[in-house]
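Trainee: here is my input, please return the structure:
(2 chains)
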Amino acid sequence: MLQVYSTELRAKTTFTPRLPGSVFMYVCGPTVYDSCHIGHARPAVVFDTARRYLEYSGYAVTFVSNITDIDDKIINRANELGISCAQLTSRYQDEYEADMTALGVRAPTIRPKATEHIREMIDLISELEKKGVAYVTPRGVWFDVSKFPAYGKLSGRTADDENTEHRVEQDGEKRNPQDFALWKFAKPGEPEWASPWGAGRPGWHIECSAMSGKYCDFQLDIHGGGADLCFPHHENELAQSEACTGRKFVKYWLHNGFITVPKDDSGDQKMGKSKGNAFWLREAFKLAPPAALRLWILGTHYRMPLLYKPELLDAAKNGLDRIYACVEALARVAAAGEISAETASHAKEADDAFRTAMDDDFNSPQALASVYDLVGVANNTIAKQAAPADCFALLQTLNAHLGVLGLPLSRPQAGSAKTDGLVKLLIELRGLARADKNFALSDKIRDGLTAQGITLNDRGGETTWTVS
RNA sequence: GGCGACGUAGCCAAGCGGUAAGGCAAGGGUUUGCAAAAUCCUCAUGCGCCGGUUCAAAUCCGGCCGUCGCCUCCA
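Mentor: Residues are numbered from 1 along each chain as shown, chains lettered A, B, ... in the order given. You can find the predicted model right below:
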């Protein structure tokens, strides 16, 4: 029985989707105005893993994740670069999708773009206006927080909590400091769309309500995103959506924690562009394969702070190597057939442990521990010259778990078909040298390959190789 | 100022009342022509500090110290 931690309840609770057997989940996607930093990878990976586990548990999952392609940052950046907003966002959306694919993040069922849902947003704002919870000023259309008494129920913030001296700026046009923009009228030169109130563009929060509303009927089972989105973004999204429909908008709000980086001896600090300590994802890809990044991310529970430092990527890479060494060893002997009772029980125990871990609010570090335990069992089984069928059964279990975690089923091979042939030839020559006890030559070949990042592995009478 | 989170071995990190998972690193044995890989063993009498509740606390309560986050664009 899956338990999830709900931000709204501030506690774990049993997960029961609105419609039995199917799950509708929405995860806030990126604003595409720049390259991804490693912080973008975390929500993508953890919610992708949640999705995969829900499917593993038998649910049909509709996974919606948007692209924000209109906003102030985009307008500013496009102006700086002297290109159109559309050129800018299409470039960075492509980059985002490529980076996520590298991390093993599956494409969402639906990936809606804000600019393609202006119509829906306008309808939503009209509805809010009709219900008397929106008002117009010279600068835009606003949501009137005072008309939605439940405001603050997600984040636990009430108007009284907010200390006005700590708010950066007051807006004289707003009736209440917490009121937020539904529609902003365009200034000269800004992108604009026609609306009943005047030409302009949507506020930040309305797009998620409109798109999740369209694709999930305003009744999501899970809504995910980074912890920083909880307030004000999600609080506002909730207010808009529930004020409009009068129904509960989201059953379970899930928020992932931040990535932190070591600051000095005293502690760690949140990573962020405004802190000037963000690491680009593509730089991280140079330090370790994307799969190792994914393993690093899943090594910490999604709600906890995730510490980033290059050594941790190395550690993840080494752990990954051990998993794949086991996968490869199993694959060498595996073949379908009748399995022993002992192996059957090992496989069952491993799967039970994995599910128990993931059922506890997607506890991936615990699940990973079960994977490593399974690796240990498998290595033992291989060492005992077990039947091919037993290896096959363990491999299947291991593959299933790697699949849920979104890790590749085999070690990424960097070589091309041509270099593969050359390496095989060199291994063959080395084998001949070794047969002649010409170890000077055989070691020269091995050392030369090592220098090229190719590690040889003599196992039994066979030599295999891996690319670092 | 308001709200919230966290402090577990050399480095990460689970555990959430029943007597410290897992990974990386390190050391030793087996194996190997030598390596690598694999394998076996070792590696926190103790979970920031001080009290309290309990037969029993890393886990609950109170206090203290330390770190971080949200309240403003941010994943």
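Trainee: now the phi/psi pair for residue A:110, please.
Mentor: When read as degrees, to the nearest 10, the backbone of residue A:110 gives phi -140, psi 130.
Trainee: over to residue A:220?
Mentor: Backbone torsions for residue A:220, taken as degrees, to the nearest 10, come to phi -90, psi 150.
Trainee: check residue A:224 too.
Mentor: For residue A:224, the backbone dihedrals are phi -120, psi 170 (criterion: degrees, to the nearest 10).
Trainee: and what of residue A:67?
Mentor: Torsion angles at residue A:67 (phi, psi; degrees, to the nearest 10) stand at phi -120, psi 120.
Trainee: how about it, what does it touch?
Mentor: Taking Cβ atoms under 8 Å, 6 or more residues apart in numbering, we find residue A:67 in contact with A:29-30, A:32, A:89, A:93, A:96, A:111-114. Just so you know, the C-beta spots here come from the backbone N, C-alpha and C atoms, and that holds for glycine as well.
Trainee: poorly predicted segments of the stretch 351-468 of chain A, please.
Mentor: Scanning the stretch 351-468 of chain A for pLDDT under 70 picks out A:412-416, A:468.
Trainee: tell me which residue of the stretch 301-450 of chain A lies closest to RNA strand B.
Mentor: Nearest residue of the stretch 301-450 of chain A to RNA strand B, counting by Cβ to the nearest atom of the strand: residue A:379, 2.6 Å away.
Trainee: give me every residue in the stretch 351-468 of chain A lying close to RNA strand B.
Mentor: Residues of the stretch 351-468 of chain A lying close to RNA strand B (Cβ under 7 Å from any atom of the strand) are A:360, A:363, A:365-366, A:368-369, A:372-373, A:375-376, A:379-380, A:382-383, A:434, A:439, A:442-443, A:446, A:455-459.
Trainee: disregarding residues adjacent in the polypeptide, which is nearest to the residue in the stretch 201-350 of chain A positioned nearest to RNA strand B?
Mentor: Closest approach between the stretch 201-350 of chain A and RNA strand B, counting by Cβ to the nearest atom of the strand: residue A:226, at 1.8 Å. Take residue A:226 and drop its neighbours on the chain: the residue closest to it by Cβ to Cβ, 6 or more residues apart in numbering is residue A:43, 5.4 Å away.
Trainee: which residues does the one you found contact?
Mentor: Going by Cβ under 8 Å, 6+ apart, residue A:43 touches A:27-28, A:224-226, A:256.
Trainee: what helix or strand is it on?
Mentor: Assigning secondary structure by DSSP states H and E places residue A:43 in helix A:38-56.
Trainee: can you tell if that helix touches RNA strand B?
Mentor: Yes. Using Cβ under 7 Å from any atom of the strand, a contact is recorded between helix A:38-56 and RNA strand B, made by A:39-40, A:42-43.
Trainee: for stretch A:192-207, same thing?
Mentor: Yes. Stretch A:192-207 lies in contact with RNA strand B when judged by Cβ under 7 Å from any atom of the strand; the contacting residues are residue A:204.
Trainee: do me a favour and average the pLDDT over that stretch.
Mentor: When pLDDT is averaged along stretch A:192-207, the result is 95.
Trainee: isn't residue A:112 up against residue A:211?
Mentor: Yes. Taking Cβ atoms under 8 Å as the definition, residue A:112 is a contact partner of residue A:211 at 4.5 Å.
Trainee: overlap in contacts of the two?
Mentor: In the contact map built from Cβ under 8 Å, 6+ apart, the residues linked to both residue A:112 and residue A:211 are A:64, A:66.
Trainee: so the two - more neighbours on which side?
Mentor: Neighbours around residue A:112 and residue A:211, counted as other Cβ atoms under 10 Å, are more numerous at residue A:211. The numbers are 25 against 22.
Trainee: other residues contacting the helix or strand harbouring the more buried one?
Mentor: In the assignment (DSSP H and E), residue A:211 maps to helix A:206-216. Under the criterion Cβ under 8 Å, 6+ apart, residues A:24, A:26, A:28, A:62, A:64, A:66, A:68, A:110, A:112, A:114, A:117, A:120-121, A:123-125, A:182-183, A:218, A:220, A:223, A:233, A:237, A:240-241, A:244-245 lie in contact with helix A:206-216.
Trainee: returning to that earlier point: next one: the residue of the stretch 201-350 of chain A closest to RNA strand B from residue A:39, what distance?
Mentor: Per Cβ to Cβ, to the nearest Å, residue A:226 is found 8 Å from residue A:39.
Trainee: tell me the contacts of residue A:461?
Mentor: So, once contact is read as Cβ under 8 Å, 6+ apart, residue A:461 ends up touching nothing.
Trainee: and the gap between it and residue A:431?
Mentor: As for residue A:461, its distance to residue A:431 is 9 Å (criterion: Cβ to Cβ).
Trainee: the helix or strand of chain A with the lowest mean pLDDT near RNA strand B anywhere?
Mentor: Least confident helix or strand, chain A: strand A:267-270 with a mean of 79, by mean pLDDT, DSSP states H and E. Yes. In terms of Cβ under 7 Å from any atom of the strand, part of strand A:267-270 sits within range of RNA strand B, namely A:267-270.
Trainee: which among the residues you listed end up buried?
Mentor: Neighbour counting by 16 or more other Cβ atoms under 10 Å classes A:268, A:270 among the residues of strand A:267-270 next to RNA strand B as buried.
Trainee: same question for the longest helix that chain A contains, mean pLDDT?
Mentor: For chain A, the helix reaching the highest residue count under DSSP state H is reported as helix A:310-333. The pLDDT scores in helix A:310-333 average 91.
Trainee: show me what the following helix or strand past it is packed up against.
Mentor: From helix A:310-333 onward toward the C-terminus, using DSSP H and E, the following helix or strand is helix A:341-359. Under the contact definition 3 or more Cβ pairs under 8 Å, 6 or more residues apart in numbering; DSSP states H and E, helix A:341-359 sits against helix A:364-383, helix A:388-405.
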